[in-house]
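S.K.: turn this into a model:
(2 chains)
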Amino acid sequence: MALLEVDALQTHFRTPDGINRAVDGVSFHVNAGETLAIVGESGCGKSVTAMSILRLIPEPPGKIAGAIRFNGKNLLEASDKEMRAIRGNEISMIFQEPMTSLNPVLTVGRQIGETLRLHQGLSAQAAEDRAVEMLNLVGIPEAKRRVKEYPHQLSGGMRQRVMIAIALACNPKLLIADEPTTALDVTIQAQILDLMRDLKHRVGAAIVLITHDLGVVAEVAERVVVMYAGKKVEEAPVHALFNSPRHPYTQGLLGSVPKLGSSLTGEATRLAEIPGLVPSLKQKIPGCVFASRCPHATDLCTAVAPALEEKAPGHVAACHYALREGALAA
Amino acid sequence: MFAYIVRRVLATIPVMAIVALFVFSLLYIAPGDPAAVIAGDQATPDDVERIRASLGLDRPYLVRFGAWVWDIANGDLGVSIFTNLPVSTMIQQRIEPTLSLMIVTLILAVSIAVPMGVMAAWRQGTWIDRAVMGFAVLGFSVPVFVVGYVLAYIFALELDWLPVQGYTPLSRGFWPWFENLILPSVALGSVYIALIARITRATMLEVLQQDYIRTARAKGLNQSGILFLHALKNAAVPIITVIGLGIALLIGGAVVTESVFAIPGLGRLTVDAILRRDYPVIQGVVLLFSFIYVLVNLAIDLAYTLFDPRIRY
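M.R.: Numbering: from 1, shown residues only, chains lettered A, B, ... in the order given. A predicted model of the protein is given here:
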């Protein structure tokens, strides 16, 4: 059984000018200890998916439907109390903004220790000792002194390390990382990714990594879900996705990544882009959500929404024209 | 930190000097003559003149001001024209009721207004929020004396739960003391509660949007932990600022409240002194009030460091 099964997840927001279908029928699963990446450009529903899993979406105006089964239990039917016992304990989350995600008026040690006291009933002293251990684990020097410091005394990279320490303090089974490296500079990004990979092996948590950075995906993920306009358009093991992307959107995403050394070959080729913008999620789109930007779109695409189809073992895509494995060779 | 406190305390001296000049000049310009009041209706102009000379009121403005300031610098607030008692003694006799009233009002107002504001922000847009905001508008717009008389009518005259008016010193027991202060404190505190509740709501609304509140929620904290620890501590600086500024409201309101509830405090002393043009008393009380106000705001500035580690002096 999968650790997390998201089944036909719909997260809609009521707004003054119509319903915003931020996430519209997304299904995926995460196995224990696995790293799944969810990719897509801004506004495609990745973060809302992540927030929906922990039910951090304010309801109303949000409304979550479908099923989110964690260890077989549907979180959408859980009481507030049951959800609180899961948050930060069995499922924890790291956010994109390390500069603002920590409480500025509480010490780092207190913020790490808080979950330990809450979920594991540790005493204040034991929680602080454990906070020092956690800071050591995430590679913050002079942990004993740092636990007594406040977030404004730490750099961005250190704050994200503290966030990771908070997230891993209770040895969660699942870690949701929402763009954990986006706000950091490149050298720090690499450090944080290394740290997450290292800790994953030590703690054994499964990771859902939300990102728009395909470099990050290639580095850490085992499986990838590609989202577009609130829908899953492709899902594949990471190698299959990078080697033979089936959906034109995924192809476009991969085409827009600069290749190392491409400027040295003599042809100064322009980086490919996907023309246009993600469509407004407030109208229902009858056909394929990507049709308006797809170079291969036909009348069929604008009229009929393609279903997710298995194009190769473990590789699904929602496109009428995406090639199946046999057809690719032919 | 210590150097800062010393600097701030020294900085109160010029402030007090300006207040002194202002109060003195205002009373000098204002019409009315204590000598005439003492002499009574039947007195001849000569009598009035003699009394005026004996009080030193015939001396020039600057001489009188200089003499007064010189005495204050030597710790002497002067002697009341009417009672012939030293002003400092009169203040001592009257200060307990006023301080009691202000402290009880402060504690009452903060412990009511802050939870009200927090609840309104948490339940923004619901009937709780609207009730709090409605109360706030009411608190601002109904004058203290109206609230006072209405409360006294309902809870003292009709229901007979609490004394109508008067004051019992704390030395005669906590309950008799407190019982007499409940209605005056509520009356005096209504504006103050409205002010604090509004600012608490506004600040909390802003804080609740912050990323670290989302983090707190993702950690599995319950609602009260999020509201009263993670959010309220971040909202504390604007709230305590307003609490400090509001002390001015309390000082002004105390004068009226003491009259409504017949409390023999500094407010009554001030009103009586003004009616009788008892200059030394008026000046002494006003100086004392401004000094308290300056000190309270120093204390507030220092309190910031307790709530926000980013503030350092």
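S.K.: can you get me a residue count around residue A:243?
M.R.: Applying other C-beta atoms under 10 Å in any protein chain shown, we find 10 other residues in the vicinity of residue A:243. C-beta: built from backbone N, CA, C; applies to glycine.
S.K.: would you mind identifying the next helix or strand past the longest helix along chain A?
M.R.: Here the longest helix in chain A is taken by residue count, with DSSP state H as the criterion, and it is helix A:186-203. In the C-terminal direction, the helix or strand that comes right after helix A:186-203 (DSSP states H and E) is strand A:206-211.
S.K.: show residues contacting that next one.
M.R.: A:3-4, A:30-39, A:46-47, A:49-50, A:53, A:173-182, A:196, A:200, A:216-217, A:220-221 (C-beta atoms under 8 Å, 6 or more residues apart in numbering or on different chains).
S.K.: look up how far residue A:151 lies from residue B:205.
M.R.: For residue B:205, the distance to residue A:151 equals 22 Å [C-beta to C-beta, to the nearest Å].
S.K.: okay, those two: which has more neighbours?
M.R.: Neighbour totals were compared for residue B:205 and residue A:151, and residue A:151 leads with 24 against 17 (other C-beta under 10 Å).
S.K.: I'd assumed residue A:7 was in a strand, is it?
M.R.: Yes - the assignment for residue A:7 (DSSP: H, G, I helix; E, B strand; the rest coil) places it in a strand.
S.K.: residue 151 - nearest residue in space that isn't next to it in sequence?
M.R.: No chain in the question, so chain A it is. If you skip the residues right next to it in sequence, residue A:151 has residue A:102 as its closest partner in space, 4.0 Å away by C-beta to C-beta, 6 or more residues apart in numbering or on different chains.
S.K.: hmm, no, I was thinking of chain B.
M.R.: Taking C-beta to C-beta, 6+ apart, and ignoring the residues beside it in sequence, residue B:151 has residue B:183 as its nearest neighbour in space, at 4.8 Å.
S.K.: next, count neighbours for residue A:176.
M.R.: Each residue near residue A:176 was counted by other C-beta under 10 Å, and the total is 28.
S.K.: for it, name its beta-bridge partners.
M.R.: Applying DSSP bridges to residue A:176 gives these bridge partners: residue A:93, residue A:208.
S.K.: verify the stated contact: it with residue A:52.
M.R.: No - contact between residue A:176 and residue A:52 fails when scored by C-beta atoms under 8 Å: they sit 10.4 Å apart.
S.K.: got the angle for the longest helix of chain A vs strand A:206-211?
M.R.: Our comparison of helix A:186-203 with strand A:206-211, counting by axes from the mean of the first three to the mean of the last three C-alpha atoms, to 10 degrees, yields an angle of 160 degrees.
S.K.: what residues does helix A:186-203 touch?
M.R.: With C-beta under 8 Å, 6+ apart as the contact definition, helix A:186-203 has outside contacts at A:33, A:35, A:137-139, A:156-157, A:160-161, A:164, A:168, A:171-172, A:175, A:177, A:180-181, A:184, A:205, A:207, A:216, A:219-220.
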